[in-house]
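*Asks:* Structure of the sequence below:
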Amino acid sequence: MPANWMDHAIASFAPRAAARRVLARQAFETLTRGYDGASKGRRTDGWRAPGSSADTEIGVAGALLRDRMRDLVRNNPHAAKAVAVLVNNIVGSGIMPRAASGDDKLDRKVDALFERWTADCDADGQLDFYGLQTLICREMVEAGEVLVRRRLRRSSDGLPVPLQLQVLEADFLDATKSSNVGAGRIVQGIEFDPVGKRRAYWLHPEHPGDAHGALRGGLDSRPVPATEIAHVYEKQRTQARGVPWGAPVIRSLRDLDDYEVAELVRKKTEACVTAIVFGDDESQQGIAPTVVDADGNRVEQFEPGLIAYARGGKDIRFNQPSATGGYGEYKRASLHTISAGFRVPYELLTGDLSQVNYSSIRAGLVEFRRQIDAVQWQLFIPMFCAPVWRWFTEAAWAAGQIPTPDVPVEWSPPKFEAVDPQKDAMANLLSIRSGTMTLAEVIARQGRNPDAVLAEIAATNAKLDALGLVLDSDPRRVTKTGSAQTSDPASDPAADPENDPAQPDAAQHLSSDTQFYELTRHPLLRGVAQRSGLGRALTATSQSARPGLRSALQGILKVAEPVASALDIQDVGVVEQPVEDRSG
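*Replies:* Below is the predicted model of the structure:
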């Protein structure tokens with residue numbers, strides 16, 4: 001920056017001070033140019049950016065934002081769909097708990113008790129625990145926050161655990177309560193102690209918007225201990241209360257509604273007017289033009305098929321509705337803005353998949369799922385699920401049903417449906433085989449209890465073994481390519497300690513014949529066996545020579561299967577007919 005006349009005047013008697021003045025002014029100008037967003041001028045006129053706290057801003061606008069968002073969800077399909085998409089992905093079929101104390105007996109007992117309690121946990125008696133999760137998540141997204149109150153019951157009420165949950169809308173919290181209370185303070189109905197910890201919630205006994213409740217004195221709020229309340233909302237700053245998730249696009253949703261209504265009225269008006277007849281009779285000239293129908297009645301409302309007369313009726317011009325140019329582009333751009341404001345992919349908000357392919361939709365869903373994963377583990381589980389589990393174990397312990405009130409828990413959110421299930425399954429398989437993931441982790445990602453799934457698999461395998469059934473999906477018996485496992489005791493009589501090789505019996509012979517027959521039906525051998533007579537050669541082989549030949553064939557398959565798998569070879573000349581009779 002060049003020196004001005006004052007710098008030169010100062011420099012005439014104090015050059016060092018003038019130099020410092022010029023350098024200081026240059027440094028100041030550099031600071032003011034550091035952020036264009038902080039500059040002031042014509043482009044930023046009218047931009048209000050107050051430095052108020054989050055609680056101050058929410059205290060002024062929170063109730064109105066909540067009311068407008070609810071109105072949009074009731075009447076705007078895109079707002080309703082955005083809320084539904086978020087709820088379906090955050091909660092889905094439910095976030096399931098699993099006791100993880102390390103004591104199998106205690107864990108099974110607690111899990112069974114919780115499963116019975118979930119059916120009766122709703123204070124209204126309508127939803128189970130997972131239905132309450134959906135309702136609470138919906139209120140969190142739509143209204144910005146929701147309260148869950150612990151309701152302890154008597155043991156005579158007949159509940160599995162004497163505890164129920166009451167869901168309260170954010171309106172129950174008295175936002176007019178803001179003051180200092182001793183060394184603490186109350187902020188919009190939430191009371192804090194001197195160290196800033198929540199001490200109580202001031203709640204109305206009835207909904208303030210309920211006329212019947214207001215008549216019964218429902219506007220008088222009373223404090224409820226904070227230990228009895230789970231307050232679920234998204235913290236974007238250090239605020240005490242939440243705001244609707246669609247707050248950034250409330251105006252965009254309203255503007256889109258207004259535009260669609262205006263466009264619809266314009267098209268309906270154009271469709272109603274069929275033709276207009278113009279005239280130029282001097283007797284009908286006037287200052288104010290009028291439009292009349294064929295009977296001379298003034299036209300004040302358009303209706304389908306209308307022919308309007310303007311003066312003497314000397315000319316007729318038929319209406320030609322104009323095309324609605326740009327409507328689709330404007331709506332698509334508006335919906336992109338709305339989807340960004342709600343933080344959901346455009347394709348999920350609108351159901352429009354015409355502009356995506358497999359790679360692009362997968363990339364978009366990966367980022368969305370990462371966001372949902374953060375909401376589940378950093379917001380919903382700590383703010384709602386964890387307090388409810390603590391209330392449950394404390395109530396069960398107080399009722400004498402479990403030996404301790406402190407039972408660790410692991411939560412399993414619902415699984416995300418795969419875009420390509422086969423590729424995801426193969427990725428999971430490779431992760432397990434490489435040791436980077438356990439089988440229990442994969443099962444938990446599916447939204448199920450690993451212990452329950454493994455117990456079910458064991459019970460199913462035991463039943464199959466008892467019935468003598470071998471399924472192609474059983475990796476204990478069948479390889480990936482469909483052949484029998486060489487190390488399977490069920491397929492190798494020699495490995496059975498009850499069989500005496502020195503005294504082969506008829507069952508042992510039958511087992512050998514069956515294995516020869518199954519080998520000839522292997523996908524890599526059955527075509528060759530049918531064309532070359534391998535089946536006949538096997539059946540003609542003596543009993544003493546069959547074990548060696550069987551081992552040779554199994555060795556060939558052991559080498560050929562990896563090659564066939566790498567080359568994606570399913571079979572060799574398959575002919576859908578049985579091979580030679582295996583009797584004899």
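*Asks:* Give the buried residues for the helix or strand in which Val141 is found.
*Replies:* Val141 belongs to helix 129-142 when assigned by DSSP states H and E. Going by neighbour count (16 or more other Cβ atoms under 10 Å), the buried part of helix 129-142 is 129-130, 132-142. In this view, the C-beta of every residue, glycine as well, is placed from N, C-alpha and C.
*Asks:* Relative to the whole chain's centre, how far out is that helix?
*Replies:* Relative to the mean C-alpha coordinate of its chain, helix 129-142 is positioned 13 Å out (Cα atoms, centre = their mean, to the nearest Å).
*Asks:* Show me what it is packed up against.
*Replies:* Applying 3 or more Cβ pairs under 8 Å, 6 or more residues apart in numbering; DSSP states H and E, we find helix 129-142 packed against helix 54-75, helix 77-90, helix 104-118, strand 145-152, strand 163-169, strand 229-233.
*Asks:* Can you say which of the ones you listed is nearest to Glu347?
*Replies:* Closest to Glu347 of those, according to Cβ to Cβ: helix 77-90, at 10.2 Å.
*Asks:* Show me the domain layout of this structure.
*Replies:* 1-30, 54-245, 250-318, 418-467, 470-566 (automatic domain parsing).
*Asks:* remind me which residues of the stretch 201-350 of the chain are low pLDDT?
*Replies:* 213-219, 273-296, 298-325 (pLDDT under 70).
*Asks:* Do you have the helices of it handy? List them.
*Replies:* For the stretch 201-350 of the chain, applying DSSP state H, counting those that start in this stretch gives helices covering 211-215, 250-272, 327-342, 346-350.
*Asks:* does Asn180 count as helix, strand or coil?
*Replies:* strand (DSSP: H, G, I helix; E, B strand; the rest coil).
*Asks:* how near is it to Ala112?
*Replies:* The gap separating Asn180 from Ala112 is 49 Å, by Cβ to Cβ, to the nearest Å.
*Asks:* who has more neighbours, those two?
*Replies:* Neighbour count, other Cβ atoms under 10 Å: between Asn180 and Ala112, Ala112 has more, with 12 against 8.
*Asks:* Without its sequence neighbours, what residue ends up closest to Ile250?
*Replies:* Arg68 (5.5 Å; Cβ to Cβ, 6 or more residues apart in numbering).
*Asks:* Roughly how far does Pro15 sit from Val22?
*Replies:* As judged by Cβ to Cβ, Pro15 and Val22 stand 11 Å apart.
*Asks:* could I get the helices of the stretch 201-350 of the chain as a markdown table with mean neighbour count and distance to Pro244?
*Replies:* Below are those laid out as a markdown table (neighbours: other Cβ atoms under 10 Å; distance: least, Cβ to Cβ, whole Å):
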| stretch | mean neighbour count | distance to Pro244 |
| --- | --- | --- |
| helix 211-215 | 11 | 23 |
| helix 250-272 | 14 | 8 |
| helix 327-342 | 16 | 10 |
| helix 346-350 | 20 | 16 |
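*Asks:* okay if I get those helices as CSV plus distance to Phe384?
*Replies:* Formatted as CSV, these follow (distance: least, Cβ to Cβ, whole Å):
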stretch, distance to Phe384
helix 211-215, 26
helix 250-272, 25
helix 327-342, 21
helix 346-350, 24
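*Asks:* right, so of those, which gets closest to Met96?
*Replies:* Of all the helices of the stretch 201-350 of the chain, helix 346-350 comes closest under Cβ to Cβ, at 23.8 Å.
*Asks:* which residues are in contact with stretch 13-24?
*Replies:* 1, 3, 7-8, 10-11 (Cβ atoms under 8 Å, 6 or more residues apart in numbering).
*Asks:* Which of the residues you listed sits closest to Phe342?
*Replies:* Once Cβ to Cβ is applied, the member of the contacts of stretch 13-24 that ends up nearest Phe342 is Met1, at 47.3 Å.
*Asks:* of all the helices and strands packed on helix 129-142, which lies closest to Arg332?
*Replies:* Taking those one by one with Cβ to Cβ, helix 77-90 is closest: 12.0 Å.
*Asks:* and the angle for the closest one with helix 129-142?
*Replies:* Calculated by axes from the mean of the first three to the mean of the last three Cα atoms, to 10 degrees, helix 77-90 forms an angle of 130 degrees with helix 129-142.
*Asks:* Let me know the average pLDDT across the following helix or strand past helix 77-90.
*Replies:* Proceeding C-terminally, helix 77-90 gives way to strand 96-99 as the next helix or strand, assigned by DSSP H and E. Mean per-residue pLDDT for strand 96-99: 92.
*Asks:* and if you look at stretch 355-368?
*Replies:* On average, stretch 355-368 scores 84.
*Asks:* quick one: buried residues of that stretch?
*Replies:* 361, 364-365, 368.
*Asks:* give the contact list for the closest residue to Val375 other than its chain neighbours.
*Replies:* Leaving out its chain neighbours, the residue that sits closest to Val375 by Cβ to Cβ, 6+ apart is Ile90, at 5.5 Å. When contacts are counted by Cβ under 8 Å, 6+ apart, Ile90 touches 137, 372, 375-376, 380.
*Asks:* which residues touch the helix holding Val141?
*Replies:* Taking Cβ under 8 Å, 6+ apart as the rule, helix 129-142 contacts 69-70, 73, 83, 86-87, 90-91, 93-96, 117-118, 121-122, 127, 145-146, 148, 165, 167, 169-170, 232-234, 242, 244-246, 380, 384-385, 388.
*Asks:* now swap in stretch 369-380 and tell me
*Replies:* The contact list for stretch 369-380, computed with Cβ under 8 Å, 6+ apart, reads 89-91, 95, 137, 140, 232, 234, 343, 413, 416.
*Asks:* Pick the one among those closest to Ala211.
*Replies:* Lowest distance from Ala211 to the contacts of stretch 369-380 (Cβ to Cβ) belongs to Met140, with 26.6 Å.
*Asks:* The closest one and Pro77: what is the separation?
*Replies:* Applying Cβ to Cβ to Met140 and Pro77 gives a distance of 21 Å.
*Asks:* same check, this time on Leu379
*Replies:* 27 Å.
*Asks:* Name the residue in those two with the higher neighbour count.
*Replies:* Leu379 (17 against 11).
*Asks:* all strands of this protein, in order?
*Replies:* Taking DSSP state E as the criterion, the chain carries its strands at 96-99, 145-152, 163-169, 179-181, 184-187, 190-192, 198-203, 222-225, 229-233, 273-278, 306-310, 315-318, 409-412.
*Asks:* For Ala80, which non-adjacent residue is closest in space?
*Replies:* Nearest non-adjacent residue to Ala80, counting by Cβ to Cβ, 6+ apart: Val73, 5.2 Å away.
*Asks:* Neighbours of the one you found, how many?
*Replies:* Quick note: Val73 (other Cβ under 10 Å) scores 23 neighbours.
*Asks:* How about Asp406?
*Replies:* Neighbours of Asp406 using other Cβ under 10 Å come to 10.
*Asks:* Turn the contacts of stretch 13-24 into CSV, columns for neighbour count and pLDDT.
*Replies:* Listed next are those as CSV, based on neighbours: other Cβ atoms under 10 Å; pLDDT from 0 to 100:
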residue, neighbour count, pLDDT
Met1, 12, 56
Ala3, 14, 72
Asp7, 17, 72
His8, 10, 75
Ile10, 18, 78
Ala11, 16, 76
